[in-house]
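[1] here's a sequence, model it:
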Amino acid sequence: MPRVSIIVPVYCASGEHEDFLRETLCSVAAQSFRDCELVIVDDCSPIDIRPLVNSVADLPTVRILRNQTNLRHAKSRNVGIKAAEGQLIAFLDHDDIWLPEKLARQVETLEANPDAGMVFCDMEVFGPDAGRLRIDQRIIPERPDFYWFVRHGNFTISASAVMAKRRYLLDIGLFDSRYSTCDDFDAWLKMLLVAPIVHIPEKLAKYRLHGANTSFAVDRLNDNKLLTALIWKYWKTAPLATRLRLLPRLARKLVGRVYFAIEQRRPF
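    Numbers count the residues shown, from 1 in each chain. This next block holds a predicted model:
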């Protein structure tokens, strides 16, 4: 049984996608930590990815699971988690890259923090649209709590920065596919309801920002409603001091809902 299962959802529809995927897989092959398996979830790609996968040397044991229809990233990650044999799950999007010590540092951190359900590292943002995302990861505390994430947003940047214990991912119901793009942020907030999250202040992964990123196709009104419902659920059971601190954020979410509703109806 491998200790870590690496989940890579893939949609390969162009030569550019193939180039991205090759770089991603090469970063997996270069990991110093070797007690792992690679679970690739092919999301009904029009291009056969098997020859490319087979061409990358030194990969760990590989399983390719192919969706019969295009399920998108959240459901594809869930397919991989359910099929995983490892008790630790590391996510890697097919256009992101890991540095060689990424898995080793995260396994080591979870061993040092046995109460934690998840660990994430800093990421370097690169690619043609890198300037569009400016996040100062230096302000992230070692153990950010629910309120910190609600106040600051998804400073995790990408699921590719995360390693989580499989049992906690199952406890929170996996990724919520109703979101257009915030399913990962929703999962991290839900994780904080069951176990602490630890932050490693080291850039151990690289997030490629380009015009085809899922984050550029967002239904903000839909995502706002779902996130607001989650925050409201937490708010009702939170300590009084936390509820008072969260009130401005809840109000901002509700105002944002009105704004996104207007924007959605505005013609181009």
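
[2] pretty sure P114 is in a helix, no?
    No. Under DSSP: H, G, I helix; E, B strand; the rest coil, P114 sits outside any helix and is assigned coil.

[3] return the distance of it relative to V198.
    11 Å (CB to CB, to the nearest Å). Every residue, glycine included, has its C-beta placed from N, CA and C.

[4] which one's more surrounded, those two?
    V198 (22 against 6; other CB atoms under 10 Å).

[5] what secondary structure does the more buried one sit in?
    Assigned with three-state DSSP, V198 falls in the strand class.

[6] surely it is in contact with M118?
    Yes. Counting by CB atoms under 8 Å, V198 touches M118, with 7.4 Å between them.

[7] end-to-end on stretch 130-139?
    20 Å (CA to CA, to the nearest Å).

[8] okay, buried residues for it please.
    Neighbour counts over stretch 130-139 (16 or more other CB atoms under 10 Å) mark I135, Q137 as buried.

[9] please apply the same query to stretch 170-185.
    I172, L174, F175, D176, Y179, S180, T181, C182, D183, D184, F185.

[10] how about the residues you listed, which pair is most distant?
    Pairwise distances across those peak at 19.2 Å for I172 and S180 (criterion: CB to CB).

[11] next, count neighbours for the spatially closest residue to T24 that is not a sequence neighbour.
    For T24, ignoring the flanking residues on the chain, the nearest one in space by CB to CB, 6 or more residues apart in numbering is H94 at 5.4 Å. H94 has 26 neighbours, counted by other CB under 10 Å.

[12] helix, strand, or coil at H94?
    Look at H94: counting by three-state DSSP, its state is coil.
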